[in-house]
Structure formats: C-alpha cells, structure tokens
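*Asks:* Just a sequence and a predicted model for now, questions to come.
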Amino acid sequence: MKILLVAHNQFGLLVDYHRYYTYLKSKGHKVKYLCYDLNKQRVEPDNPDIIYVPRKKFKVFNHLRFIRTVAACNKEHDFDRVMIHVFPLVSLLLLWLDRNKAYLDIRTVSIHKKKYKRVFFDFLILIASTLYKHVSVIADSAAKQIGIKKYKLLPLGGAYFGDDPISQEDRERFGPIVQTDDYVFLYVGTLRRRNIIECVKGFHQFLQKNPGAPVRFVVIGSSTENELEEINQYIQKHQLQSFVYTTGFIPQNRLAIFFRYAKCGVSFTPMVMPYPLQPNTKTYEYLVNGMPFIANPSLDNVRIIDSATMPVGVIVDDNAAGMEEAFGKILRSKELYKREEIRREYNKYEWDNLFKVYLEKALSLNDE
C-alpha cells in the first residue's frame, strides 16, 4: 500500500510520525513523509522518501505552499492513504484529496498561552474533524476537550532503546556524563514553554540540603526561545557544572546511551491549560525502558500511577519545591523500582506493540 504521512514538523522532530514511518516501512508499505524544512539537522539526510517544503517569512503563504505541495505529491503518486497531522487550514486539503483516502490525525489540543486563541484553534480542529471522513485522536480527553464525537483512538507510546546500538562517538561524548555510579535523573523533550528551569532549581535546592549526594541531572532538549540559555546561565551562576548537564537537541536515534544508563526520568509540564489534559510521550518512554518517573498531575500521569501494580514513580507539584521533594522521594525509595519488572509491565506501550492494534485500525489497513 502507498502511504503519505504529512506533518509540519521536520522528519525526526515529531516522535509519533517518525515512528509511524519506520513501522509502516517495516510492514512493507511504500511510505513517503512530507514536511517543512525547518533548517534543523536532518535525521536521514539521504532518504528519498522524505519530501521537504521550504518555509519562508509569511505564514499564510507557507500554509498555502505546503497544501499545494501535498496536493501535487498525491496527484503524482496516487496514494492509497494520506495521513495528516492537523495544521492550520488543513480543511483546504480536501479540495484536492479523496475523502475516502484522507486521514486526519490529532495529536494535541491547542497549546496557545491565551485562552481565546486556544478556543479558536480548537474550534478550527473541530470543524476539520467534521469534514474529514477518517479521524484519529491521541486521547479521549483531547477529543472531549475539542468536542469531537466520532474518531478512532491512536494513543501515545514510547520507544524502547535497549536494543539500539551506541556509537563510539556517543560513548566518548556522553559516556562520562551517564556511565557513572551516581544516580542519574533524565529529562528528554522540548524546553519550549515547559518551565524546566523549575526542575533545575529544585535539583539545586536538593543538593543544598543534601551536600555530597551522588546524583546528576541531564537535560536533553532545545527551544526556539531562550529557555536553554536561561538554564545554562543558572548552572554557571551556581557552579552546578558537575551536577547538571545540558546537551541541546539530540535525535531519537542517538538517545540509547541515556536511556540505557539513567535511573529515573523527569516528565515535567506546567499545570496550566491545556497541559493537564495532554498525555506526555516521555512518561511512556521512561516506563517502556524500565525507568521510574517524576511527573506532574496531568490526567494521564495520575491514571498511570493509580493503576500501577508496582511502584513506578511519584506525582509532584509543578514548581521547584515540588521537584526538590520528588528527587528526595525517588532516592529514598530507589530500591523499590525494579527496572525489568517495570519494562515488562509497560512493554504494551512500546510503539510497535501499539501500532499493531491502533495505527493499523486508524488507517484501516486491514480493510483491504
């Protein structure tokens, strides 16, 4: 089957769609991925399946250019399925796509800071969902927030890195950070609007109250704004260079060394709308790799903790004091967290295991 995946996010930056691509390719489908060129490092620079659309200054023209490129690509290849990660003006694509072959995929509600913008863009998503014949949504809570009644669930999962090779370059560069007897806490994800500086401050407070504690905190991620600079300035000001490490963005195919050696994951998001309704990729990624997690009380994180049959982590407030408390809780009870038991219990959330059920159903792959 010929499948086109469409996302504004450059290939490799949106974890879900990168995993869609690799899974569908492994099943023998002919898959192409169309996205913006965001001038980021390309994950597979020579892959002919990836179609890049240049992005310029004016947003409206960018959207129209993107839509024209999708339409032209579909006309050239006559895809059996076109799966589209929702974006502004996505409804216009139906002027050129066969509704029976177009699949709208909603991975998030609007995350604008201003409520009126969130309401407006959620309304646009709702309108699009009524126009598309096939709709998938990341979580029931997201569908309820937007008001979508008819959809297929395509939930969040996590990547297992235990079998991934670790390059010599990564061992030399990152090994001294994570291959240690210290207890390593790990945050992986975007820094944009996530307030990760609160995690760093909380870690600093923990160190002040527990001098000499054998711990480290590794922060992986970047932002289009100044969050990484703010964190690095804080580290330098308080001389935390031997305790807190930032790496910037690292692609998925180079994360294995961190998930192999880190002991606990941090799944931190500020508890302002709409984040409490959003499931977090990293919560699942930590669990799939057998790591306990520190997380804020989103609906999904609380559900995971409440339904767990074993200790898997702690829920804390989204501030420095909460994080300080969480680091201490994890360390005091670290013997309770059994890596292999956690991994076995949550293996069902590994991407490929989820896709066998949900992605194939969302794309109606078994209908033909």
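*Replies:* Happy to help now that I have it. These numbers were taken from a predicted model, which means no experiment stands behind them. Numbering: from 1, shown residues only.

*Asks:* For the biggest strand by length in the chain, give the mean pLDDT please.
*Replies:* With DSSP state E setting the assignment, residue counts place strand 30-37 as the longest strand in the chain. The average of the pLDDT scores along strand 30-37 is 97.

*Asks:* got the CA positions of that strand in CSV?
*Replies:* This file holds the C-alpha atoms of strand 30-37, laid out as CSV (Å, rounded to 0.1, in the frame of the first residue of the first chain):
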residue,chain,number,x,y,z
LYS,A,30,5.6,2.3,0.3
VAL,A,31,5.8,5.3,2.6
LYS,A,32,6.7,8.9,1.9
TYR,A,33,6.9,11.7,4.5
LEU,A,34,6.2,15.3,3.6
CYS,A,35,7.2,18.1,6.0
TYR,A,36,8.7,21.6,6.3
ASP,A,37,12.4,22.1,6.1
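
*Asks:* What helices and strands are in contact with that strand?
*Replies:* strand 2-6, helix 15-26, strand 50-54, helix 59-77 (3 or more CB pairs under 8 Å, 6 or more residues apart in numbering; DSSP states H and E). (C-beta placed from N, C-alpha, C; glycine too.)

*Asks:* which of these is buried the deepest?
*Replies:* Mean neighbour counts were taken over the helices and strands packed on strand 30-37 using mean count of other CB atoms under 10 Å, and the top value, a mean of 24, falls to strand 2-6.

*Asks:* Return that strand as PDB; C-alpha atoms alone will do.
*Replies:* Provided in PDB are the C-alpha atoms of strand 2-6 (Å, rounded to 0.1, in the frame of the first residue of the first chain):
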ATOM      1  CA  LYS A   2       1.200   3.500  -0.800                       C
ATOM      2  CA  ILE A   3       1.000   5.900   2.200                       C
ATOM      3  CA  LEU A   4       1.800   9.600   2.500                       C
ATOM      4  CA  LEU A   5       2.500  11.000   6.000                       C
ATOM      5  CA  VAL A   6       2.100  14.700   6.200                       C
END
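
*Asks:* Which residues outside that strand are in contact with it?
*Replies:* Here strand 2-6 makes contact (CB atoms under 8 Å, 6 or more residues apart in numbering) with 17, 20-21, 24, 29-35, 70, 73-74, 77-85, 363.

*Asks:* OK, contacts around Gly322?
*Replies:* If a contact means CB under 8 Å, 6+ apart, then Gly322 has Gly202, Asn296, Val316 as its contacts.

*Asks:* Please, a PyMOL command that selects the buried ones among the residues you listed?
*Replies:* Here is the PyMOL command that picks out the buried ones among the contacts of Gly322, judged by 16 or more other CB atoms under 10 Å:
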select buried, resi 202+296+316
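
*Asks:* could the contacts of Gly322 go into TSV alongside secondary structure?
*Replies:* Compiled in TSV, the contacts of Gly322 are given as follows (DSSP: H, G, I helix; E, B strand; the rest coil):
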residue	secondary structure
Gly202	helix
Asn296	coil
Val316	coil
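
*Asks:* Glu324: which of the contacts of Gly322 is nearest?
*Replies:* Using CB to CB, Gly202 is the member of the contacts of Gly322 that sits closest to Glu324, with 4.3 Å.

*Asks:* Do I have it right that the closest one meets Gly328?
*Replies:* No. With contacts defined as CB atoms under 8 Å, Gly202 does not count as touching Gly328, sitting 9.9 Å away.

*Asks:* so what's the residue nearest the centre of the chain up against?
*Replies:* Nearest to the mean C-alpha position of the chain, by CA atoms, centre = their mean, lies Thr281 at 4.3 Å. The neighbours of Thr281, taking CB under 8 Å, 6+ apart as the test, are Val15, Asp16, Leu156, Gly158, Gly189.

*Asks:* Among these, find the lowest-pLDDT one for me.
*Replies:* For pLDDT, the smallest value among those belongs to Val15: 87.

*Asks:* how near is the closest residue in space to that one that isn't next to it in sequence to Asn100?
*Replies:* Distances taken as CB to CB, 6 or more residues apart in numbering place Thr281 nearest to Val15, at 5.6 Å, with adjacent residues excluded. The gap separating Thr281 from Asn100 is 31 Å, by CB to CB, to the nearest Å.

*Asks:* Which positions in the longest strand of the chain come out as buried?
*Replies:* Applying a neighbour-count criterion of 16+ other CB under 10 Å, one finds Val31, Lys32, Tyr33, Leu34, Cys35, Tyr36 buried in strand 30-37.

*Asks:* low-scoring stretches of the stretch 51-200 of the chain, by residue?
*Replies:* 110-113 (pLDDT under 70).

*Asks:* where along it do the strands fall?
*Replies:* Listed in chain order, the strands found in the stretch 51-200 of the chain under DSSP state E, counting those that start in this stretch are 81-85, 102-106, 134-137, 152-153, 183-188.

*Asks:* ok so, going back, would you state the predicted confidence (pLDDT) at the residue nearest to the centre of the chain?
*Replies:* Predicted confidence (pLDDT) for Thr281: 85.

*Asks:* Please renumber the chain so that the first residue is 40 from this point on.
*Replies:* In the new count, where the first residue is 40, that last one comes out as Thr320.

*Asks:* Now do it against Leu132, distance only.
*Replies:* If you measure Thr320 against Leu132 using CB to CB, the figure is 26 Å.

*Asks:* Perfect, that will be all.
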